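>>> I'll drop the sequence and a predicted model, then ask my questions.
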Amino acid sequence: MVEHARNSRLSRRSVLVTPAAVAGGAVLSGSASAPEKAGVVRQITLYAEPLPGDLYGYGLAPGEATIPGPLLEIYEGDTLEIELVNNTDKRLSIHAHGVDYDVNSDGSPLNDSFNEPGETRTYTWRSRKQVDIGGNRFLPGTAGYWHYHDHALGNDHGTIGIQKGLYGGLIVRRRGDLIPDRQFTVVFNEMLINNKKAPNTPMFEARQGERVEFVCIGHGNLPHTFHLHAHRWADTRTGMLTGANDPSPVIDNKNLDPGSSFGFQVLAGEGVGPGAWMYHCHVQMHSDQGMVGLFLVRNPDGSMPPGAQAAIDRFRQHHHVAAPQADHSNHHG
Amino acid sequence: MVEHARNSRLSRRSVLVTPAAVAGGAVLSGSASAPEKAGVVRQITLYAEPLPGDLYGYGLAPGEATIPGPLLEIYEGDTLEIELVNNTDKRLSIHAHGVDYDVNSDGSPLNDSFNEPGETRTYTWRSRKQVDIGGNRFLPGTAGYWHYHDHALGNDHGTIGIQKGLYGGLIVRRRGDLIPDRQFTVVFNEMLINNKKAPNTPMFEARQGERVEFVCIGHGNLPHTFHLHAHRWADTRTGMLTGANDPSPVIDNKNLDPGSSFGFQVLAGEGVGPGAWMYHCHVQMHSDQGMVGLFLVRNPDGSMPPGAQAAIDRFRQHHHVAAPQADHSNHHG
Amino acid sequence: MVEHARNSRLSRRSVLVTPAAVAGGAVLSGSASAPEKAGVVRQITLYAEPLPGDLYGYGLAPGEATIPGPLLEIYEGDTLEIELVNNTDKRLSIHAHGVDYDVNSDGSPLNDSFNEPGETRTYTWRSRKQVDIGGNRFLPGTAGYWHYHDHALGNDHGTIGIQKGLYGGLIVRRRGDLIPDRQFTVVFNEMLINNKKAPNTPMFEARQGERVEFVCIGHGNLPHTFHLHAHRWADTRTGMLTGANDPSPVIDNKNLDPGSSFGFQVLAGEGVGPGAWMYHCHVQMHSDQGMVGLFLVRNPDGSMPPGAQAAIDRFRQHHHVAAPQADHSNHHG
C-alpha cells in the first residue's frame, strides 16, 4: 500500500525517479522475495547547464536546470544509472553521498571520473539493505537523506561548481517508509539558501496536516544551524521515533555544516496551527544577512490563515543584504 | 514518588514552575487517565529588564532579572502561560524552542508577536506526548532540553537581545524522568559563558554523588564545543542509556552551536572523586580567552576536598582577557 | 573467541596495550564473574619528545614519538597506568577524554597535574561498564572512541602542545566488540590532518573486505567535517546498527570539531570495490588547501587495483598549499 500511496502522488512529485527495468544480478539487494520486490535499475538523464547570473544547475531535461537540482529518490536495493549530459563549457561531474559506486562513478578528478565540456557520461549508484551479522550487529544499509554535488568544476573538489549551484538532494528510502505529501530541499551554501538571499529564498507551502519532508544539506565554507519554527523532529534516520523508549533526542535546531545532510518528516502545523513560520540559519549574522525563509502552512482547505499574508508582506520588506536574483529555485511539491 | 521527590526539592529549585490550575480542553495532552495526570496549565510572569553594563535579563520578579533567565520546567503535556512584562524601553519578545505555540506566541516580529516598550503580553507554550502511529513509528513528543530567547530586540531575529542576555533554559520533562538535585544552565554566547569571561564565569557546585543536570545552550555567531572534565554522558534525550544494547555514543564533548541545546544528568564526581573540575569550550582560542569555568564537586558532607581551594585560587588568577563585569549570573541549584 | 581474534593480531597492532597485571580492588569494574574477566591494570610508558620542525609527539619508546601518538586501547573495566616521561624542555601533560581519573591525573595545570621539563609522572585512567539502575535507565559506561592530548604546554589549556602534535587516539572497547584488522587515526587539527597537508597526509591502506577502524579526532580552532568516499557508517557507538529497527542515522560526513572524537568500522571496499578513495574535510577551502588524503583499498590479494596508481600519482601532483614536512606520521595498521 505504500506503493499505492506513492504512485497516487507521482503527478505532484517531479523529483521521483520512476522504474526503468527490473534488475538482474547487478543489483545488490539481499532479498528477492515476492512481497518485497527485488531492487530495480532506474535510469535518468541529467543535464548540467549554465544559468543566468554565472550560475549552474542540474535538470531532468534541457533548459530545465534548477538550484538545487531535482530531488532524486530510490528505494533501498535499487540502482540508479545517471546519464549526465554536460551542456557547459566547463569540466564537471556528479558525486553522490551515501550510495555505492565504483571508482569510475566517484565523480572525482582523482579517479578520472568527470565530464569534459560537452561530454556525456554515465554514473551508476547502487544501494543495499542492512545486513544482520549476528550479535545484535547490523551492517548499515543505504537508506538515508543524502545529496549529490559537482566534484570537478573549478578544482578537484568541485568548490566552484558547488558555489554556483551544482547540488541537489538524494533520498534512499527503505520499503515501508512513509511517503510524504510534499518535499522541500533546503541547502545552506555559504550565506545563501538554495543560492538565494531573503526575501528571495524559497517559500515552502503545505496545507495543515499534510506530511511534509525536509531534506537539508550543507555546503561551502561556513558552519550553519538549521532551525524551523513551531515544528520539531527526532534526530533519527526518519525524524520519527521507533518506540516509546527510543533514546534519540527530539530537536528543532541542528548543525548543517559543509557536506552534511539530514531529513525529517513533520505534519504541517501539527499542534500549532496554520501560519507563516520561519525557517532560518540560527547563526545570528547569517539570518540577519538573509539566510531565512518561510514555511507557509495553509488552512486544510488551502485558503490563507489569518495574518499569514501580512507576515509574508513583512518578510518581503525585510532589509536584508539581498541583491536581486533571477529565479531558478526548485520548490519541490 | 517522582512527584514527591520533586516537591521535596522545591525550596532549592528557583527554576521550577509550580502548578497553577488543572487544564481544561486547551491542554493537548492525549491522556487523562488517573495514574498519569492530565496536563496542567502553569502560569508565570516574567519581567524583561535592563541590567548594568548595557545588558538585559529575564526574571521571575521585578528587580530579579538574571543572565541566563530562570530555568523553566514543565512536564510533557503541560501548558505554560507566560505573562511577559517589558520593563525596558526596547521592543523585545520571548521565543521558545521545542514547544507548541500558535503564531501569536511565536515571539517574532514576522508574526507581529512581541512586546512594545512597557507592554505586557502573554505567550502560551504547549507540550504533548509522543504518539504511536503504528509500524514502529512514534510522532515525537515535546520532552527535551530546550531554551527560550528574545526574537525582537534590535532586529527581527533578536540578535541584539540575545547578545545582551535575553535567554534561558527550558526543560520539558517526561513523567517518570529522574529529578536532579542540582541544575546548571550553561550558555555559550559568542566568546562568553552566561555573558561572562573567566574567572567570572559561574562556578557550579554539588556534593559528590548528587545528581546534577546540565542544560547547555548555544547562541551568537560562533561554533563551540562543550567539554566537561571527568564526566561523560550518552548522546540521548536524557544523557543516560535505555538498555544494554542502546546504540547511542557516550561523549564528553559536544557541538554547542547557535540555537542548539542539549542536557544531561551525571552523578557528581562518580568514579573520579571530588575536586575542582573544568568545563570549557574546547575551541582552543575560546578557552584561552575565557570560555572556561569550574564544576566544584565537594565531599559528600559538603566540605572542600584536598586541593580544591588551591585550584580555585589558580583559576581566579588566570590571565584571561576578562574585563570586570557586574554579577548578574544565575547559578541554579 | 574475541580474545583469540585479538591476540592473533597483536603483532600487527602496535597500538594495542598488553595486559600487565590483574587488577585488585582499584579496578572499578562491576563484574568479576568467571566468563567475563575482571578489569586488569595495564601499564605503559609514554615518552613526550621534540620532533623536527618545532613539533612534539608521544611515543612508546624513546626516539619513537609520532604524530598522532600511539593509539591506546583498553577493554571497558580495565585501568591504564601511564608513566609519562617528559623528554622536552617544556611543561606538558596528558589529559584523557572519556575515562575516569582523579584530580591528580587530570593533566591540567588547574589541578597541578602536569610534568615539569624532564619530569616523569604517572597518570591513571580507569574505565567502567554501564550500570542498570532500573526503569529502562543505564548509567553510561566508558566504552567509546576517545582521545588524549596535552593540556599544559604553552598555556593552561595545552593550546600549543596540541598545535604541535601532542595528541592521540584512545579506544575503550566493550568485551564482545568486533576487533578490526586495521586501525587508522585521523586528526583534523587546524588546516592539517595529523599535522600534515596533502600530498603528505597519510595514505591508509587495506585489502578489500578487511575490517578497518577509523578513529577521528578534532583539534584546534576551526570547525571541520570528516567525509569518506564510497563508505558509510551508522552514527552510533560502533558505527554499526544494533537491530533492524535501530533509529540511528547512517552517515558519511560528520562534524569533527575541536575536542570531539568518534570512530567506526567499515569493510574496506564493501559494495564499491577496491580503489583509491578520498577522505577529506568537506569544508571546501579546507580540502582545497590540503585537508585531504587517500584510503587505498587494494585487491583481496594485496595487489593494486586498476587505476589506483594513476590516482595516487595525480594526488601527489596536486597543487595544494603544502609546505614540505618531515614524516613523523603514524599510519596505524
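Perfect, thanks for sending it.

>>> How much space separates the residue of chain A found nearest chain C from chain B?
Closest to chain C within chain A is A:Gly259: 2.7 Å, counting by C-beta to the nearest C-beta. For glycine as for every other residue, the C-beta is placed from the backbone atoms N, C-alpha and C. Going from A:Gly259 to chain B by C-beta to the nearest C-beta, to the nearest Å gives 15 Å.

>>> which residues does A:Ile44 contact?
Counting by C-beta atoms under 8 Å, 6 or more residues apart in numbering or on different chains, A:Ile44 touches A:Val17, A:Leu60, A:Leu72, A:Leu80, A:Glu81, A:Ile82, A:Glu83.

>>> Can you say which helix or strand has it in it?
Assigned by DSSP states H and E, A:Ile44 belongs to strand A:40-51.

>>> Go ahead and name everything in contact with the very next helix or strand once past that strand.
The first helix or strand that comes after strand A:40-51 along the chain, using DSSP H and E, is strand A:55-59. Here strand A:55-59 makes contact (C-beta under 8 Å, 6+ apart) with A:46-51, A:65-70, A:88, A:90, A:92, A:94, A:150, A:153, A:161, A:164-166, A:168, A:195, A:328.

>>> that's a strand at the residue of chain A closest to chain C, yeah?
No - using DSSP: H, G, I helix; E, B strand; the rest coil, the assignment for A:Gly259 is coil, not a strand.

>>> pretty sure it is touching A:Gly220, no?
No - between A:Gly259 and A:Gly220 no contact is recorded; they are 9.6 Å apart, counting by C-beta atoms under 8 Å.

>>> neighbour count winner among these two?
The residue with more neighbours, out of A:Gly259 and A:Gly220, is A:Gly259; 26 against 22, by other C-beta atoms under 10 Å in any protein chain shown.

>>> which one is that one nearest to, not counting chain neighbours?
In this structure, A:Gly259 finds its nearest non-sequential neighbour in C:His282, 2.7 Å apart by C-beta to C-beta, 6 or more residues apart in numbering or on different chains.

>>> Pretty sure the one you found sits against C:Thr225.
Yes - in this structure C:His282 lies within contact range of C:Thr225 using C-beta under 8 Å: 4.3 Å.

>>> hey, what's in contact with both of those two?
Residues touching both C:His282 and C:Thr225 (C-beta under 8 Å, 6+ apart) are A:Asp257, A:Pro258, A:Gly259, A:Ser260, C:Asn253.

>>> Switch these over to TSV; also include pLDDT.
Converted to TSV, those look like this (pLDDT from 0 to 100):
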residue	pLDDT
A:Asp257	98
A:Pro258	98
A:Gly259	98
A:Ser260	98
C:Asn253	98
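
>>> still on that earlier bit, now do the shared contacts for A:Gly259 and A:Gly220.
Contacts common to A:Gly259 and A:Gly220, judged by C-beta under 8 Å, 6+ apart, are C:Val283.

>>> Can you show me the strands along the stretch 101-250 of chain A?
Ranges of strands within the stretch 101-250 of chain A are A:120-126, A:131-134, A:137-139, A:144-149, A:167-173, A:182-189, A:192-193, A:203-207, A:211-219, A:225-228, A:233-234, A:250-251, based on DSSP state E, counting those that start in this stretch.

>>> Sheet partners, orientation included, of the longest one?
Using DSSP bridges, the strands paired with strand A:211-219 in its sheet are strand A:182-189 (parallel), strand A:261-267 (antiparallel).

>>> One more: the fifth one?
Using DSSP bridges, strand A:167-173 pairs in its sheet with strand A:72-75 (parallel), strand A:144-149 (antiparallel).

>>> Name the stretch among the ones you listed that sits most buried.
With neighbours taken as mean count of other C-beta atoms under 10 Å in any protein chain shown, the strands paired with strand A:167-173 reach their highest mean count in strand A:144-149, at a mean of 28.

>>> and that strand, how far from the chain's centre?
Mean-position distance between strand A:144-149 and its chain equals 6 Å (C-alpha atoms, centre = their mean, to the nearest Å).

>>> Just give me the neighbour total for the closest residue in space to A:Leu139 that isn't next to it in sequence.
Distances taken as C-beta to C-beta, 6+ apart place A:Val131 nearest to A:Leu139, at 4.5 Å, with adjacent residues excluded. A:Val131 has 14 neighbours, counted by other C-beta under 10 Å.

>>> got it, and A:Leu222?
When neighbours are counted by other C-beta under 10 Å, A:Leu222 registers 21.

>>> one step back: could I get the strands of the stretch 101-250 of chain A in TSV, plus columns for mean pLDDT?
Formatted as TSV, the strands of the stretch 101-250 of chain A follow (pLDDT from 0 to 100):
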stretch	mean pLDDT
strand A:120-126	98
strand A:131-134	97
strand A:137-139	98
strand A:144-149	98
strand A:167-173	98
strand A:182-189	98
strand A:192-193	98
strand A:203-207	98
strand A:211-219	98
strand A:225-228	98
strand A:233-234	98
strand A:250-251	98
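
>>> Indicate which one of those strands is closest to A:Val297.
When the strands of the stretch 101-250 of chain A are compared by C-beta to C-beta, strand A:203-207 sits nearest A:Val297, at 5.9 Å.

>>> and the closest one, what other elements does it pack with?
Counting contacts by 3 or more C-beta pairs under 8 Å, 6 or more residues apart in numbering or on different chains; DSSP states H and E, strand A:203-207 is packed against strand A:182-189, strand A:292-298.

>>> rerun at 6 Å
Here strand A:203-207 touches strand A:292-298, going by 3 or more C-beta pairs under 6 Å, 6 or more residues apart in numbering or on different chains; DSSP states H and E.

>>> Need the residues that contact the strand it packs on.
With C-beta atoms under 6 Å, 6 or more residues apart in numbering or on different chains as the contact definition, strand A:292-298 has outside contacts at A:193, A:198, A:201-208, A:268-269, A:274-277, A:279-280, A:315.

>>> Parallel or antiparallel, which strands does it pair with?
Sheet pairing of strand A:292-298 (DSSP bridges) gives strand A:203-207 (parallel), strand A:275-281 (antiparallel).

>>> Just name the most buried of those strands.
It is strand A:275-281: most buried of the strands paired with strand A:292-298 by mean count of other C-beta under 10 Å, with a mean of 26.
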